[in-house]
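J.: okay, predicted coordinates and the sequence, questions at the end:
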Amino acid sequence: MTVNLAIVYYSTYGTNFNTAVIAAEATRKMDDVELRLLKVKETAPLDIIVNQPAWKAQSDRTSDIPNATIEDMEWANAYLIIAPTRYGVQASQMRSFIDTLGPLWAKGGLANKAVSAMTSAKNTHGGQESTLLSFYTTAMHWGAIVVSPGYTDPSIYASGGNPYGYSHTQGADFDEVARAAIQHQTTRLVSVARKLL
């Protein structure tokens, strides 16, 4: 059976977009996976964005990527959620999108689906773990099946040892170590999702 994977991300400057692209590349090598790469709607005022060149450049660069919808979440049977940490939780843009999912949640449309999450921060202790754990609390409310990477592959140790989900430090290279950890978590998510079908 086909795994319908929604990779849903928010990215201000491009770090989480790059993570999402690497994850998407991993799924394109797998059989029986349908992929939707989606961003969440920007909620920051336009006058703020246009006055920050890096933010505006990222917005322009990804203008062709569709915004995630409730219909996308209903279609998917697996979710990879990627968003930066803000004060130890997901960026408000991702939380705003999650807040729109109430009608789908109420009818059980998010239950029994595999979900995993990734994040980023400007430094190595910027709240990444609390960001991932707080999101997984939301997934538990959904009745989703949390698929963390755990310590299931050497790439997890090599990339910093976060068993909750991949986390990237803003400005660091997406080297082979980072790519391996992202790819492992993504393929693990798909593998578990397939078992749930």
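T.: Thanks, I have it.

J.: give me the distance between residue 167 and residue 62.
T.: Residue 167 is 21 Å from residue 62, where distance means Cβ to Cβ, to the nearest Å. For every residue, glycine as well, the C-beta is placed using N, CA and C.

J.: correction: residue 111
T.: Residue 111 sits 30 Å away from residue 62, going by Cβ to Cβ.

J.: repeat for residue 105
T.: Per Cβ to Cβ, residue 105 is found 27 Å from residue 62.

J.: which helix is the longest one in this structure?
T.: In the chain, taking DSSP state H as the definition, the longest helix is helix 176-196.

J.: and that one, what other elements does it pack with?
T.: Other elements packing on helix 176-196 under the criterion 3 or more Cβ pairs under 8 Å, 6 or more residues apart in numbering; DSSP states H and E are strand 3-9, helix 15-27, strand 78-82, strand 114-121, helix 154-158.

J.: buried set for stretch 28-38?
T.: For stretch 28-38, burial by neighbour count (16 or more other Cβ atoms under 10 Å) applies to 33, 35, 36, 37, 38.

J.: same question for stretch 108-115.
T.: 109, 110, 113, 114, 115.

J.: could you list the residues in contact with it?
T.: With Cβ atoms under 8 Å, 6 or more residues apart in numbering as the contact definition, stretch 108-115 has outside contacts at 73-74, 76-81, 101, 104, 136, 139, 142-147, 189, 192-193, 196.

J.: so residue 174 touches residue 22, yeah?
T.: Yes. At 6.5 Å, residue 174 and residue 22 qualify as touching, with contact defined as Cβ atoms under 8 Å.

J.: the more surrounded of those two?
T.: residue 22 (20 against 14; other Cβ atoms under 10 Å).

J.: give me the nearest residue to the more buried one, chain neighbours excluded.
T.: Leaving aside its chain neighbours, residue 22 sits nearest to residue 182 (4.6 Å; criterion: Cβ to Cβ, 6 or more residues apart in numbering).

J.: tell me the contacts of the one you found?
T.: Residue 182 is in contact with 19, 22, 23, 26, 118, 166, counting by Cβ under 8 Å, 6+ apart.

J.: and the third one, how many neighbours?
T.: Neighbour count of residue 23, defined by other Cβ under 10 Å: 26.

J.: now do the SS call for residue 37.
T.: Secondary structure, DSSP: H, G, I helix; E, B strand; the rest coil: residue 37 is strand.

J.: report pLDDT for it.
T.: You'll see residue 37 listed with a pLDDT of 98.

J.: that one contacts residue 26, doesn't it?
T.: No. Residue 37 lies out of contact with residue 26 (Cβ under 8 Å); the separation is 12.0 Å.

J.: now for the two: what residues contact both?
T.: Joint contacts of residue 37 and residue 26 (Cβ under 8 Å, 6+ apart) do not exist.

J.: between residue 167 and residue 62, which one's more packed in?
T.: Counting neighbours by other Cβ under 10 Å for residue 167 and for residue 62 shows that residue 167 has the greater number, 25 against 16.
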